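Peer 1: I need the structure of the sequence given here:
(chains A, B, C and D)
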2 protein chains.
Amino acid sequence: MLRKAGLRPTRQRMALAELLYGRGHRHISAETLHDEATLGRVPVSLATIYNALHQFTEAGLLREVAVDGTKTYFDTNLGEHHHFFVEGDNEVIDIPDGAIGVGAMPEPPPGYEISRVDVIVRLRRLKA
Amino acid sequence: MLRKAGLRPTRQRMALAELLYGRGHRHISAETLHDEATLGRVPVSLATIYNALHQFTEAGLLREVAVDGTKTYFDTNLGEHHHFFVEGDNEVIDIPDGAIGVGAMPEPPPGYEISRVDVIVRLRRLKA
DNA sequence: ATTTGTGCAAATCGTTTGCATCTGA
DNA sequence: TCAGATGCAAACGATTTGCACAAAT
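Peer 2: Here you go, the predicted model:
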């Protein structure tokens, strides 16, 4: 998988790939991934985590999700879909495919093309 | 206007309000506003800029636009609308009202309510 | 052997905070 | 007068970078 993406399968990258793709889709931040790697007896430096996340993203293995807050999240789900974002908890949740539909697409300004459309449904926790 | 929002009309806040609302709608970052204020012979400290932007936002005079995580943009357009975001230039552009429509709204997970829906259409500059 | 990746620590960026000083009602 | 606002500089958290060392082809 890494080889196919043009990335050398190093010990660290393989361990990270395992964490990322080992069990279903995930939304993960650099910090979280670093913690998981460290706990999972594969100490990887933070710099390497960032390198890997960006390389994976460039290689099309991950997708960056810009929600809010100061953190960057990476999504292992590459399919067309959108996100819930829980304000306060900074939690990202997939919106089931088809549960939301973007209607008419606006015409991009001249000289530009649409690269992607992101829909973020912000959630607030109900009191009581 | 400031008074109505429960904010003391100080010299700085009035100058910033003038810059923000003086000529049409704007998408502005703290840094940009700071530069404008400084150039406009009203030196305001960066800390005060941040204070003002957040207070204006809380008072409902501004809206925070989360596009790319690294920088925070504030929008003087309070109406229902969405945004184009030019990758690379980090430029935010309003999508004309009605040019985009969000269809079926997903059911929020139990215990949560929808606070807002943001649509961001990411643009890439056409080469050539 | 050569290229590429890794780790560490220092550096950067946007933003926030503590605190002493000022200012508007 | 005096609560509230401002400015400065230091503190911050997330991310990036420079460079010596290690590992993959």
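Peer 1: is any part of the longest strand anywhere in chain A close to chain B?
Peer 2: In chain A, assigned by DSSP state E, the strand with the most residues is strand A:112-125. Yes - using C-beta under 8 Å from any C-beta of the partner chain, strand A:112-125 reaches chain B at A:112-125. In short, each C-beta sits where N, CA and C put it, glycine included.
Peer 1: Which of those sits closest to A:Gly88?
Peer 2: The closest of the residues of strand A:112-125 next to chain B to A:Gly88 turns out to be A:Arg125 (C-beta to C-beta; 6.7 Å).
Peer 1: any idea how far DNA strand D is from that closest one?
Peer 2: Distance, A:Arg125 to DNA strand D, by C-beta to the nearest atom of the strand, to the nearest Å: 21 Å.
Peer 1: coming back round to it: among the residues of strand A:112-125 next to chain B, filter down to the buried ones and hand me the ChimeraX syntax, if you would.
Peer 2: Those of the residues of strand A:112-125 next to chain B that count as buried under 16 or more other C-beta atoms under 10 Å in any protein chain shown are selected in ChimeraX with:
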select /A:112,117,118,119,120,121,122,123
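Peer 1: Including pLDDT and distance to A:Val65, could the residues of strand A:112-125 next to chain B go into JSON lines?
Peer 2: Conversion of those to JSON lines gives the following (pLDDT from 0 to 100; distance: C-beta to C-beta, whole Å):
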{"residue": "A:Tyr112", "pLDDT": "95", "distance to A:Val65": "22"}
{"residue": "A:Glu113", "pLDDT": "95", "distance to A:Val65": "21"}
{"residue": "A:Ile114", "pLDDT": "94", "distance to A:Val65": "18"}
{"residue": "A:Ser115", "pLDDT": "92", "distance to A:Val65": "15"}
{"residue": "A:Arg116", "pLDDT": "91", "distance to A:Val65": "11"}
{"residue": "A:Val117", "pLDDT": "93", "distance to A:Val65": "13"}
{"residue": "A:Asp118", "pLDDT": "93", "distance to A:Val65": "8"}
{"residue": "A:Val119", "pLDDT": "94", "distance to A:Val65": "11"}
{"residue": "A:Ile120", "pLDDT": "94", "distance to A:Val65": "9"}
{"residue": "A:Val121", "pLDDT": "94", "distance to A:Val65": "13"}
{"residue": "A:Arg122", "pLDDT": "94", "distance to A:Val65": "13"}
{"residue": "A:Leu123", "pLDDT": "94", "distance to A:Val65": "15"}
{"residue": "A:Arg124", "pLDDT": "92", "distance to A:Val65": "19"}
{"residue": "A:Arg125", "pLDDT": "90", "distance to A:Val65": "20"}
